[in-house]
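Undergrad: Please work out how this folds:
(2 chains)
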2 protein chains.
Amino acid sequence: MTEIRISGFGGQGVIRLGYIIGKAASLFDGKSATMTQSFGPEARGSACSSQVVISEDKVLYPYVTIPHILVAMSQEAYTKFSPQLVERGILIMDEDLVTPEETRGSFKTYAIPSTRFAEEMGAKIVANIVMLGFFTAITGLITKEGARKAISGSVPERFLELNLKAFDKGYQFGQEILETCK
Amino acid sequence: MTEIRISGFGGQGVIRLGYIIGKAASLFDGKSATMTQSFGPEARGSACSSQVVISEDKVLYPYVTIPHILVAMSQEAYTKFSPQLVERGILIMDEDLVTPEETRGSFKTYAIPSTRFAEEMGAKIVANIVMLGFFTAITGLITKEGARKAISGSVPERFLELNLKAFDKGYQFGQEILETCK
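TA: Next up is the predicted model:
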């Protein structure tokens, strides 16, 4: 079972990012998944997050307690959620929006300028999908094919091509990083 | 405790609709809420749904079993989920996208042309927010002020005004229906 927290600020599409990951895992990759959004004191402020649990079996408890993977798309999200990350977990972040602190435990960090890449494509709004591509390449938790299928049906038809392009950009960047860090 | 299922097809923003309802209830109206997206066999096909639980106390079990309120934004969603609706529950639907069947149990139906209203505003994409306004007026589960606050921070800043206008349109339509059906 893998627990993932996706975090950022409102309007970045972090909920949609979690939704597409869950959909890819379950509908196209043969696993089970849930996505949960808890609202409460921890949801105050502008940080916004969703919890995704992916499992080979049925997910019985959908709340993430100690995430194995944290996706952080804002400094506030990083500050709030990185202390929860499991030892030797994976932190995936937007490198222009998050400045990591050296003292923050022993997790492996992967960074991508997802928002900048999206802006270069003329659509800042697809930063979450660039991040999805990066997440897919780095974690291998969902397949490239599953993720691409999950995107179609999750975004308006007329933006599909743009979203797939954004996905491929993030995926390719992730692959290059993995090659470099071998 | 009130259990709500929001359903439609991918790209309509039904997940965001559930998210904003949960956020309004908890952050601005002093209740607790969770939103859960379960993926699995029931998620196959183009129907897409999220489950929102709103409670005066902490939500212990986030899965919706028998919804009290069903929001249906597509015929497929209506066909799939209306049999689960509790007796004397509330069905809220897009009247241009759903043709209800007479034989479907004893729930109270409220209909709005949310997609058409959104198109008239030049932005079909805000149909979910028109629906949010309608939901707010009809159910009284979340306050108008809470919903409007929850919208800001959940949509990109430059679309905020459009979204608030869409909300007001749906809310006003809901109030008129309540007046008429008194």
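
Undergrad: Now stretch A:166-182 - C-alpha only, CSV.
TA: These are the backbone C-alpha positions of stretch A:166-182, laid out as CSV (Å, rounded to 0.1, in the frame of the first residue of the first chain):
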residue,chain,number,x,y,z
ALA,A,166,2.0,18.9,-20.5
PHE,A,167,2.1,15.3,-19.2
ASP,A,168,4.8,14.3,-21.7
LYS,A,169,6.9,17.3,-20.8
GLY,A,170,6.9,16.3,-17.1
TYR,A,171,7.4,12.7,-17.9
GLN,A,172,10.4,13.3,-20.1
PHE,A,173,12.0,15.6,-17.5
GLY,A,174,11.5,12.9,-14.9
GLN,A,175,13.1,10.3,-17.1
GLU,A,176,16.1,12.5,-17.7
ILE,A,177,16.6,13.1,-14.0
LEU,A,178,16.4,9.3,-13.4
GLU,A,179,19.0,8.8,-16.1
THR,A,180,21.3,11.4,-14.7
CYS,A,181,21.1,10.2,-11.1
LYS,A,182,21.6,6.5,-11.9
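
Undergrad: Pretty sure A:V53 sits in a strand.
TA: Yes - counting by DSSP: H, G, I helix; E, B strand; the rest coil, A:V53 is located in a strand.

Undergrad: Run a quick neighbour tally on it.
TA: 22 (other Cβ atoms under 10 Å in any protein chain shown). No exception for glycine: its C-beta is placed from N, CA and C like everyone else's.

Undergrad: for chain A, longest helix please?
TA: Assignment by DSSP state H gives helix A:160-180 as the longest helix of chain A.

Undergrad: quick one: buried residues of that one?
TA: A:160, A:162-164, A:166-167, A:169-171, A:173-175, A:177 (16 or more other Cβ atoms under 10 Å in any protein chain shown).

Undergrad: Same question for stretch A:49-67.
TA: Under 16+ other Cβ under 10 Å, the buried positions of stretch A:49-67 are A:49-55, A:59, A:62, A:64, A:67.

Undergrad: which of those residues come close to chain B?
TA: A:59, A:62 (Cβ under 8 Å from any Cβ of the partner chain).

Undergrad: could the buried residues of stretch A:49-67 go into a markdown table alongside pLDDT?
TA: Below are the buried residues of stretch A:49-67 laid out as a markdown table (pLDDT from 0 to 100):
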| residue | pLDDT |
| --- | --- |
| A:S49 | 87 |
| A:S50 | 89 |
| A:Q51 | 91 |
| A:V52 | 94 |
| A:V53 | 93 |
| A:I54 | 93 |
| A:S55 | 90 |
| A:V59 | 77 |
| A:P62 | 77 |
| A:V64 | 77 |
| A:P67 | 92 |
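
Undergrad: Can you tell me which of the buried residues of stretch A:49-67 lies closest to B:A118?
TA: A:S50 (25.0 Å; Cβ to Cβ).

Undergrad: so that closest one touches A:A33, yeah?
TA: No - in this structure, A:S50 is not within contact of A:A33 by Cβ atoms under 8 Å, at 11.8 Å.

Undergrad: Extract the CA atoms of stretch A:120-139 and return them as PDB.
TA: Coordinates of each C-alpha in stretch A:120-139 appear next as PDB, following Å, rounded to 0.1, in the frame of the first residue of the first chain:
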ATOM      1  CA  GLU A 120       6.100  28.200 -21.400                       C
ATOM      2  CA  MET A 121       3.300  26.200 -23.000                       C
ATOM      3  CA  GLY A 122       1.100  29.300 -22.500                       C
ATOM      4  CA  ALA A 123      -1.100  27.600 -19.900                       C
ATOM      5  CA  LYS A 124      -0.100  27.900 -16.300                       C
ATOM      6  CA  ILE A 125      -3.200  25.900 -15.400                       C
ATOM      7  CA  VAL A 126      -1.600  22.700 -16.700                       C
ATOM      8  CA  ALA A 127       1.200  22.800 -14.100                       C
ATOM      9  CA  ASN A 128      -0.500  20.000 -12.200                       C
ATOM     10  CA  ILE A 129      -0.400  17.800 -15.300                       C
ATOM     11  CA  VAL A 130       3.300  18.500 -15.900                       C
ATOM     12  CA  MET A 131       3.700  17.400 -12.300                       C
ATOM     13  CA  LEU A 132       1.600  14.300 -13.000                       C
ATOM     14  CA  GLY A 133       4.000  13.400 -15.800                       C
ATOM     15  CA  PHE A 134       7.000  13.900 -13.500                       C
ATOM     16  CA  PHE A 135       5.300  11.900 -10.700                       C
ATOM     17  CA  THR A 136       4.600   9.000 -13.100                       C
ATOM     18  CA  ALA A 137       8.200   8.900 -14.300                       C
ATOM     19  CA  ILE A 138       9.800   9.200 -10.800                       C
ATOM     20  CA  THR A 139       7.600   6.900  -8.800                       C
END
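
Undergrad: Go through it and flag the buried ones.
TA: For stretch A:120-139, by 16+ other Cβ under 10 Å, it's A:121, A:124-139.

Undergrad: from the residues you listed, which ones fall inside helices?
TA: A:127-139.

Undergrad: which of those residues lies closest to B:V86?
TA: A:N128 (35.1 Å).

Undergrad: quick one, what contacts that closest one?
TA: A:8, A:12-14, A:16-17, A:73, A:114 (Cβ atoms under 8 Å, 6 or more residues apart in numbering or on different chains).

Undergrad: try 10 Å
TA: By Cβ atoms under 10 Å, 6 or more residues apart in numbering or on different chains, the contact set of A:N128 is A:6, A:8, A:12-18, A:20, A:71, A:73, A:94, A:114-115, A:118, A:135, A:163, A:166, A:170.
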